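K.L.:
could you work out the structure for the sequence below:
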Amino acid sequence: MKTQFADFLNGKHVVIVGGGSGMGRATAELAASLGAKVTIASRNADKLNAVADGIDGDVSVAAVDTTNEANVKSWAAGLGEVDHLVISASSAAHGAFTDLPTDDLRGMIEAKFIGPYVTAREVLPFLKKGGSVTFFSGVLSRRPSAGATGLAAVNAAVETLAKGLALELAGRVRVNCISPGMVDTEAYAGMPDEARTEMFAQVASGLPVGRVGDASEIAQAVVLAMTNTFMTGSVLDVDGGHLVRG
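P.N.:
Coordinates of the predicted model:
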């Protein structure tokens, strides 16, 4: 299987926006191990450089703010040819419908929907025919929970964007979306250790697989989306069975 994926990715230019941590970083590591030329991008250049130093392979870095359209346009113009674009950069604002500050909602929409929308649009002229774009949503898109209605709605918008672009860009590039469940990443590093462990255990107890995910497992799904040329307009649920749980 690794040989087959390597045949598809060896020498290809894979651009990962959000590649400085979590699922984006895991994708960068896997793509590089399969022979891809990887560009990782996010706002924090120092963090990107540290990540690149820890990956064995051809990895370059670029500081880019996806909420700044002019910045995205300038960055995209210097990328050269791109085979696959992965946009894992994200943002989450939690809060009850009646309590969530509108500014928090707007910030999430900017970072999780408009930023990826603009990024894909600006990189598109440099994407080689037959390449791919992979967005990220999340399990709340189709199974919302109280206190995260705004996030659920934004995730659903990202999935609709992917499906619409799969049609609009048909014959040029493929477009898919990864919908992860809860994954143990740096996104939860700000929580106290005990609270984080308790949260993971509670979520795990309701999942068919009995645990939360690992970033490397999400990376495997991204590589599938990049390399399976019969896949477009798909939402890949990598969620431990979240959508079918009781």
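K.L.:
only C-alpha atoms for contact and neighbour calcs from this point on.
P.N.:
Noted.
K.L.:
can you tell me how far S216 is from V82?
P.N.:
The gap separating S216 from V82 is 23 Å, by C-alpha to C-alpha, to the nearest Å.
K.L.:
check G18 too.
P.N.:
G18 is 16 Å from V82, by C-alpha to C-alpha.
K.L.:
of S216 and V82, which one has the most company?
P.N.:
Neighbour comparison, S216 and V82: the larger count goes to V82, with 23 against 18 (by other C-alpha atoms under 10 Å).
K.L.:
now the more buried one. Nearest residue, chain neighbours left out?
P.N.:
L127 (4.7 Å; C-alpha to C-alpha, 6 or more residues apart in numbering).
K.L.:
mind listing what that neighbour touches?
P.N.:
81-85, 173 (C-alpha atoms under 8 Å, 6 or more residues apart in numbering).
K.L.:
between those, which is nearest L167?
P.N.:
Distance to L167 across the contacts of L127 (C-alpha to C-alpha) is lowest for V173, with 9.8 Å.
K.L.:
the closest one: neighbouring residues, count only.
P.N.:
22.
K.L.:
for it, what are its contacts?
P.N.:
Going by C-alpha under 8 Å, 6+ apart, V173 touches 127-133, 166.
K.L.:
if you set the cut-off to 7 Å instead, what comes out?
P.N.:
129-132 (C-alpha atoms under 7 Å, 6 or more residues apart in numbering).
K.L.:
which one (most neighbours) among those?
P.N.:
With neighbours taken as other C-alpha under 10 Å, the top of the contacts of V173 is S132, carrying 27 neighbours.
K.L.:
and that one, that's in a strand?
P.N.:
Yes: with DSSP: H, G, I helix; E, B strand; the rest coil as the criterion, S132 is assigned to a strand.
K.L.:
residue contacts, it?
P.N.:
Counting by C-alpha under 7 Å, 6+ apart, S132 touches 83-85, 173-175, 226.
K.L.:
if we use 8 Å, what do you get?
P.N.:
Applying C-alpha under 8 Å, 6+ apart, the residues contacting S132 are 83-85, 173-176, 225-226.
K.L.:
can you tell me which of those are in strands?
P.N.:
Those of those mapping onto strands are 83-85, 173-176, per DSSP state E.
K.L.:
quick check: closest non-adjacent residue to the residue nearest the centre of the chain.
P.N.:
Nearest to the mean C-alpha position of the chain, counting by C-alpha atoms, centre = their mean, stands S88 at 2.2 Å. The spatially closest residue to S88, leaving aside those adjacent along the chain, is G18, at 5.1 Å (C-alpha to C-alpha, 6+ apart).
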